[in-house]
Structures are given as structure tokens and as C-alpha cells.
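> Just the structure for this:
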Amino acid sequence: MAPIELWNGDICDLEVDAIVNPANPSLWMATGVGGAIKRAGGDSIEFAAVRQGPIDLGEAVVTNAGTLAARLVIHAVSLDRDRRTSGPVIEKAVRSAMARARENNVTSIAFPALGTGVGGFPLEEGARITVSTVREELPATPSLNAVIFALRGATAYHVFERALAEPSTASEQPPGAIAGQSSGSGA
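Numbering: from 1, shown residues only. I've put the predicted structure just below:
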């Protein structure tokens, strides 16, 4: 099963098959992680996403990654039109992102802390939901060789580190850690 790793840095810098964008139903990428992805990878990412929208909360679509090191961007709708979210929406968005990863034979994927930045969702609860949902989805996603939680700043990193240390019902390799350089908060 794919190892789960932590990265303290900008998700846009990762050389992975796919990065996850915590999107809203219209798929416009103006703020938060989406805005950073658009600035780093180009407007073509947003144009390709918006052409597929609007989509429902918890659903996900795939676009090219523009000039990013990643191959794809998976836009997982984890924020409503008012930029708010809930635990069930985050869980559904993670499941949808993993389904799109399977459909696109993704071998490595990076998730931000969905809904915990602009969405205002509690970081600890978001980390617990995201980690447990990824763990549940891994057995159904054999193409994955790596899952990376891309976090901004020590607080988010340590919260996800604690969530990864919690016992899992799925058997997995111990989490690794990748050092990065960045500061700030979750996505």
C-alpha cells in the first residue's frame, strides 16, 4: 500500500501526478490554495475547470496542471458558495478525489488540508477526516505509490502528524516526513 507522507511547503512545488484543489461548486480559483495553484500554474487550469462546472458539493473534476510540476489538478468541491464546509463534505470530496485518481491512473497525489483555511473548518477535525478517508480509499487505489499531505506551517504539519499517528483500521506503512520550506496555515 502507498506510504502516506507529510510535506511542509507549497503544494504547487510538488512533483507528483496530481494535486488536489479544494474547490467551490463554480470551480473559480480566486482564493486560498486554488488561487495559489492558478498563480503558479496559469489561467488555463481555471478555464478548464470552469468549463466542467458547476458541480455538486463533494464531487471532483480533473484538469491539466498548466505549468506546474504536477500532471493533473483534481478539483474536489469541499467548499460551498459561501466558502464554508462540513465534515461530511470534506469526506465526500476526498473520496471523489481518490476516485478521479483511480480513473486517471495517478501514481502520486498531494492533498492540502481541505476546508481548514478559507473554509474555516477546525484543523484537527479536518486532519482526522482526511487521513482516515484516504486510509479507507487506499486499498481500492492500487496505482498509488505515494500520498502526500502538503501543509503550510508547523501547526498544520503537526496536527496531520498526530492524525497519522492515530491507529488505523487499514494496514499501512508508517508515515514518512518530507521537509519543506514554507510558513502559513492550511488550505
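
> So which residues of the chain form helices?
32-41, 43-50, 87-103, 123-137, 154-165 (DSSP state H).

> can you put these in JSON lines and add mean neighbour count, distance to Asn21 and mean pLDDT?
Every C-beta, even on glycine, is put in place using the N, C-alpha and C of the backbone. Compiled in JSON lines, these are given as follows (neighbours: other CB atoms under 10 Å; distance: least, CB to CB, whole Å; pLDDT from 0 to 100):
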{"stretch": "helix 32-41", "mean neighbour count": "21", "distance to Asn21": "5", "mean pLDDT": "95"}
{"stretch": "helix 43-50", "mean neighbour count": "18", "distance to Asn21": "8", "mean pLDDT": "97"}
{"stretch": "helix 87-103", "mean neighbour count": "21", "distance to Asn21": "9", "mean pLDDT": "97"}
{"stretch": "helix 123-137", "mean neighbour count": "20", "distance to Asn21": "14", "mean pLDDT": "97"}
{"stretch": "helix 154-165", "mean neighbour count": "18", "distance to Asn21": "17", "mean pLDDT": "96"}
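
> Of all the ones you listed, which one comes closest to Val61?
helix 43-50 (6.4 Å; CB to CB).

> Any chance you could give me the closest one in CSV, C-alpha atoms only?
What follows is helix 43-50, C-alpha atoms only, in CSV (Å, rounded to 0.1, in the frame of the first residue of the first chain):
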residue,chain,number,x,y,z
ASP,A,43,-5.1,30.6,-16.0
SER,A,44,-5.6,27.5,-18.3
ILE,A,45,-6.2,25.4,-15.1
GLU,A,46,-9.1,27.6,-14.0
PHE,A,47,-10.5,27.8,-17.6
ALA,A,48,-10.5,24.0,-17.9
ALA,A,49,-12.2,23.6,-14.5
VAL,A,50,-14.9,26.2,-15.0
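
> Contacts for that helix next, please.
21, 23, 26-29, 34, 37-38, 61, 63-66, 68, 73, 75 (CB atoms under 8 Å, 6 or more residues apart in numbering).

> Of those, which count as buried by neighbour count?
21, 23, 27-29, 34, 37-38, 61, 63-66, 68, 73, 75 (16 or more other CB atoms under 10 Å).

> from those residues, which single one is nearest Thr130?
The closest of the buried ones among the contacts of helix 43-50, once distances to Thr130 are taken by CB to CB, is Asn21, at 14.2 Å.

> Can you tell me how far the closest one is from Lys92?
15 Å (CB to CB, to the nearest Å).

> Same check on Pro25?
Distance from Pro25 to Lys92, counting by CB to CB: 13 Å.

> Noted, bye for now.
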